[in-house]
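In: Sequence below, structure please.
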Amino acid sequence: MSGARHLVVEADGGSRGNPGPAGFGALVRDAASGRVLAERAAFLGTTTNNVAEYSGLVAGLRAAAEVDPDARVTVRMDSRLVVEQMSGRWQIKHDDMRRLAAEAAAVLPADRVTYEWVPRAQNAAADALANEAMDTAGTVARDYPDGPADDVPAGPAEQVASDALDEAADEDAFDTPSRPSGVAVRFDDAPALTVVLVRHGQTPLTVAGAFSGSSVPGPSLTPRGRTQAAQAADLVFRIGRQAWPDVPRPTAIVSSPMVRAQETARAISRRLGVAVTTDERFAEVHFGEWEGLTAAEIDAAWPGRRHAWYTTGTTAAPGGESAADVGARVWQGLQDLVATLLPSAGPAGRTVVVVGHAVQVRAAIGTAVGAPPAQWSRVRVPPASVSILRLWADGTSELTAQGVPTDL
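Out: Sure thing, here's the model as predicted:
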């Protein structure tokens with residue numbers, strides 16, 4: 001067995017309520033390189049955290065056996081209970097857990113599997129997959145070949161394997177500047193800040209057609225909105241890989257403080273493994289007295305005012321903001337990102353994800369391309385859609401993509 005291939009399984013599970021809506025995540029890595037070879041995740045319905053963790057273990061071991069049935073496997077989990085029980089040091093008393101433990105033990109011979117407990121922070125990739133399954137109420141089954149797989153996210157094991165690599169060399173390998181046909185014309189090689197603008201997913205007010213601004217923190221995403229957020233996270237993860245491969249991969253996330261944007265940003269954070277910061281300048285427009293009202297209700301109480309708000313771009317909502325007001329603060333926020341992120345960027349620049357709202361995204365796009373506020377409402381920005389701007393330090397810009405749906 002000394003010459004057998006060595007694989008690492010990282011597995012996790014979670015339950016939002018315990019028992020509550022639950023899911024698991026698992027991935028298989030090559031131990032020598034840290035490269036991800038397979039990912040598995042699934043929504044389990046309502047069950048306990050321990051059952052979800054064991055389900056992740058079973059799925060991870062089965063995926064490892066599919067990769068190489070003769071491999072020796074090290075299982076790493078942040079559940080001390082599962083690690084100690086599967087190592088034979090603790091008894092298994094719960095019937096469901098005993099059944100799942102037997103399934104896990106039957107996948108590979110016991111002498112080829114060892115179990116290690118790791119801190120939660122070192123199991124982030126499996127945790128992200130479990131949350132993806134819970135967010136979408138779906139399944140994940142991704143397999144990657146042993147050859148180059150630059151589109152596979154780095155996790156803890158891969159990070160350990162690459163600690164000796166110089167960061168700049170890594171950026172040169174993956175984020176090299178290129179000029180595909182049709183991009184904005186430049187006469188120099190100055191780096192750009194790529195800004196990925198993501199609108200939040202669906203909320204109850206989206207469904208009702210009511211005005212939802214920044215005067216109140218809520219509402220939260222609907223179940224459909226959580227699915228949309230996970231789908232947006234998948235598309236954002238592909239940026240700099242299969243999608244828009246000429247731009248750098250996202251390395252920072254900034255969100256509006258509103259609950260719906262924060263929930264969407266967390267889904268993207270889990271997918272990218274990047275922390276979220278908050279900037280109030282990217283909040284939605286302050287609708288003032290229109291907050292929570294439908295268009296019909298607004299038109300009845302303020303005849304002609306809603307029409308002027310959209311068509312002039314400078315008419316403020318009663319007690320609130322105009323589109324131009326939003327544009328001024330959003331643009332200042334973007335310029336501050338350019339000033340803080342570009343100086344330390346490599347030749348390809350850098351990419352930041354900004355999670356926000358329909359009016360906020362329209363204001364960013366409209367200002368970037370020099371369109372007057374009266375025209376901004378003509379930009380379509382569906383829930384959980386992705387728009388992309390590229391901003392240079394000299395003030396020039398490119399509209400790379402606008403309102404790309406993430407649920408196709």
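In: now the farthest one out in this structure, which residue is it?
Out: Here the chain has its C-alpha centre computed as a mean, and the residue farthest from that point, by Cα atoms, centre = their mean, is residue 303 with 41.1 Å.
In: That one: helix or strand, and which one exactly?
Out: Assigned by DSSP states H and E, residue 303 belongs to neither a helix nor a strand.
In: for it, phi and psi?
Out: Torsion angles at residue 303 (phi, psi; degrees, to the nearest 10) stand at phi -60, psi 130.
In: Now do it against residue 210, distance only.
Out: 19 Å (Cβ to Cβ, to the nearest Å). To be clear about C-beta, it is placed using only N, CA and C from the backbone, and glycine gets the same treatment.
In: next one: residue 256
Out: 18 Å.
In: what's the answer for residue 309, then?
Out: With Cβ to Cβ as the criterion, residue 309 and residue 210 are 15 Å apart.
In: more neighbours, these two?
Out: residue 309 (24 against 19; other Cβ atoms under 10 Å).
In: where's the more buried one relative to residue 332, distance?
Out: Residue 309 is 22 Å from residue 332, by Cβ to Cβ.
In: Kindly report the same for residue 379.
Out: In terms of Cβ to Cβ, residue 379 sits 20 Å off from residue 332.
In: Between these two, which has more neighbouring residues?
Out: Neighbour comparison, residue 379 and residue 332: the larger count goes to residue 379, with 20 against 11 (by other Cβ under 10 Å).
In: for the nearest residue to the more buried one once chain neighbours are set aside, what are its contacts?
Out: Nearest non-adjacent residue to residue 379, counting by Cβ to Cβ, 6 or more residues apart in numbering: residue 362, 4.6 Å away. Residue 362 is in contact with 323, 376, 377, 379, 381, counting by Cβ atoms under 8 Å, 6 or more residues apart in numbering.
In: Does the fourth one touch residue 399 like I think?
Out: Yep, that's residue 379 we're talking about. No - the pair residue 379 and residue 399 fails to qualify as a contact (Cβ atoms under 8 Å) at a distance of 9.7 Å.
In: any shared contact partners between these two?
Out: residue 365.
In: and residue 32, that one's in a helix?
Out: No - applying DSSP: H, G, I helix; E, B strand; the rest coil, one finds residue 32 to be coil, outside a helix.
In: Now do the strands in the protein.
Out: 6-15, 20-30, 36-47, 72-77, 113-117, 139-143, 192-199, 250-255, 276-278, 350-356, 386-392, 397-404 (DSSP state E).
In: got those as a markdown table, with distance to residue 290 columns?
Out: Output for the strands of the chain, formatted as a markdown table (distance: least, Cβ to Cβ, whole Å):
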| stretch | distance to residue 290 |
| --- | --- |
| strand 6-15 | 39 |
| strand 20-30 | 34 |
| strand 36-47 | 38 |
| strand 72-77 | 50 |
| strand 113-117 | 53 |
| strand 139-143 | 41 |
| strand 192-199 | 19 |
| strand 250-255 | 23 |
| strand 276-278 | 24 |
| strand 350-356 | 19 |
| strand 386-392 | 24 |
| strand 397-404 | 23 |
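In: between those strands, which one is nearest to residue 285?
Out: strand 350-356 (10.5 Å; Cβ to Cβ).
In: mind listing what the nearest residue to residue 66 once chain neighbours are set aside touches?
Out: Nearest residue to residue 66, sequence neighbours excluded (Cβ to Cβ, 6+ apart): residue 38, at 7.0 Å. By Cβ under 8 Å, 6+ apart, the contact set of residue 38 is 27, 28, 63, 64, 66, 67, 142, 143, 144.
In: again, 6 Å this time
Out: 28, 63, 67, 143 (Cβ atoms under 6 Å, 6 or more residues apart in numbering).
In: neighbours of the residue lying closest to the third one once chain neighbours are set aside, just the number please.
Out: Counting by Cβ to Cβ, 6+ apart, the nearest residue to residue 67 once its immediate chain neighbours are dropped is residue 37, at 5.2 Å. For residue 37, the neighbour count with other Cβ under 10 Å is 23.
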